[in-house]
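> Here is my input; please provide its structure:
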Amino acid sequence: KSRTYRQFSGAAWMPAVYDDLDAVDQWPVVIKPDRGQGGAGVITASTREQAEAAMGGVDEPLLVEYLPGDELTVDCFTDRHRRLLLVGPRTRERIRAGISMRSRLIEPEEEIRSIAEALNDGLTLRGPWFFQVKRSRDGRWKLLEAACRVGGATVGQRARGINLPLLAVQDYLGRDLALLPIEQVRLIDRHVATVARLEFDFDTVWVDLDDTLIIDGHPTPQVVAFLYQMRREAKRIVLITRHELDCATTLDAACLPLRMFDDIVHITDGRPKSEFVGRRSIFIDNHFPERQAVAERHGIPVFDVDALEFLIR
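Modelled structure (predicted):
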């Protein structure tokens with residue numbers, strides 16, 4: 001950070017950097033590590049005593065102006081001709097471990113674009129990079145840092161049709177680039193996805209129809225996605241149901257092809273589903289008593305609808 005601050009010293013968008021505590025002309029101030037990320041080690045000090053204590057606990061501390069306003073991350077891309085193809089600001093509305101989990105993609109105002117162009121002119125950049133700015137006490141944008149890498153929430157640009165890592169590959173292949181953003185995509189909300197590993201050897205998937213594969217006449221997305229994943233893995237898929245109507249008609253009404261199933265077991269005599277399910281199988285059913293009966297009889301994995309999200313990859 002210190003080298004960046006020195007490189008652009010004097011620019012109106014640079015924060016004040018103090019050589020020592022005697023140079024501080026306005027409190028509070030910020031102490032942060034010269035080499036760091038994700039907000040780790042950043043401390044706000046309101047007095048000289050607090051600042052002295054903070055600087056003693058930070059490696060290579062920088063003493064900089066306190067910026068109390070809004071913060072933006074600005075995704076950028078520079079091609080091999082040093083043309084700045086993208087200036088894409090995004091807000092940081094929900095932060096987790098220093099990474100933005102909720103961002104709004106906004107149009108760059110002239111002040112932001114000018115900072116991006118100055119950084120691009122003053123540094124040797126190619127491919128994806130980003131910088132972060134924060135509003136000062138008087139409302140001006142000032143630089144926090146710049147980094148020549150893909151940002152943690154740069155995936156927001158991909159959501160609106162700009163795949164920065166792929167653009168970098170195309171640029172290094174010597175191809176001229178054009179961006180085609182989906183302007184109607186303005187908000188991204190990220191979450192931690194949990195993926196489970198099923199350590200069980202099976203060859204058949206048994207799946208219920210009513211309130212499992214189809215709910216209120218519509219296909220259940222996670223169930224359909226999981227079944228197609230299983231088909232890709234060459235698993236046998238069997239529909240097992242007590243459906244009161246014709247299964248083919250119900251599937252067709254829900255736009256589900258009959259041929260996605262290797263077999264259909266339509267139970268009309270009240271027998272438990274556990275009589276039909278085999279041992280080298282997994283069983284999917286929203287009804288707990290059916291799952292319990294299959295699990296107790298065969299000792300195989302049984303899943304409710306909501307559990308399938310952990311198996312989709």
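> For residue 151, which three-state class applies?
At residue 151, secondary structure determined by DSSP: H, G, I helix; E, B strand; the rest coil is coil.
> Please verify my assumption that it contacts residue 73.
Yes. If you go by Cβ atoms under 8 Å, residue 151 and residue 73 touch, sitting 5.9 Å apart. Every C-beta, even on glycine, is put in place using the N, C-alpha and C of the backbone.
> Which neighbours do the two have in common?
Taking Cβ atoms under 8 Å, 6 or more residues apart in numbering as the criterion, residue 151 and residue 73 both touch residue 130.
> so where's the stretch 1-150 of the chain uncertain?
Counting by pLDDT under 70, the low-confidence segments of the stretch 1-150 of the chain come to 37-39, 97.
> Now do the strands in it.
17-18, 29-33, 43-45, 61-65, 71-78, 84-91, 94-96, 99-104, 127-135, 141-147 (DSSP state E, counting those that start in this stretch).
> Redo the ones you listed as a markdown table? Include mean neighbour count and distance to residue 249.
Formatted as a markdown table, the strands of the stretch 1-150 of the chain follow (neighbours: other Cβ atoms under 10 Å; distance: least, Cβ to Cβ, whole Å):
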| stretch | mean neighbour count | distance to residue 249 |
| --- | --- | --- |
| strand 17-18 | 16 | 73 |
| strand 29-33 | 21 | 66 |
| strand 43-45 | 18 | 66 |
| strand 61-65 | 20 | 69 |
| strand 71-78 | 23 | 50 |
| strand 84-91 | 20 | 48 |
| strand 94-96 | 13 | 46 |
| strand 99-104 | 19 | 43 |
| strand 127-135 | 22 | 51 |
| strand 141-147 | 20 | 58 |
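> okay if I get those as CSV plus distance to residue 229?
Formatted as CSV, the strands of the stretch 1-150 of the chain follow (distance: least, Cβ to Cβ, whole Å):
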stretch, distance to residue 229
strand 17-18, 53
strand 29-33, 44
strand 43-45, 47
strand 61-65, 49
strand 71-78, 32
strand 84-91, 32
strand 94-96, 28
strand 99-104, 27
strand 127-135, 31
strand 141-147, 36
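> helix/strand/coil for the residue located most distally from the centre of the chain?
Farthest-out residue of the chain from its mean C-alpha position, per Cα atoms, centre = their mean: residue 269, at 48.3 Å. Here residue 269 is recorded as coil under three-state DSSP.
> how near is it to residue 241?
Here the criterion is Cβ to Cβ, to the nearest Å. By it, residue 269 lies 13 Å from residue 241.
> Look up how far residue 182 lies from the residue nearest to the spatial centre of the chain.
Among the residues of the chain, residue 190 comes closest to the average C-alpha position under Cα atoms, centre = their mean, at 4.4 Å. Separation of residue 190 from residue 182 (Cβ to Cβ): 18 Å.
> can you check residue 254 too?
To residue 182, residue 254 is 29 Å away according to Cβ to Cβ.
> which residues in this protein form helices?
For the chain, helices defined by DSSP state H occupy the ranges 2-7, 48-56, 110-122, 155-159, 164-172, 221-232, 247-253, 288-298.
> average pLDDT for the last one?
Confidence over helix 288-298 (mean pLDDT, whole number) is 97.
> Lovely, talk soon.
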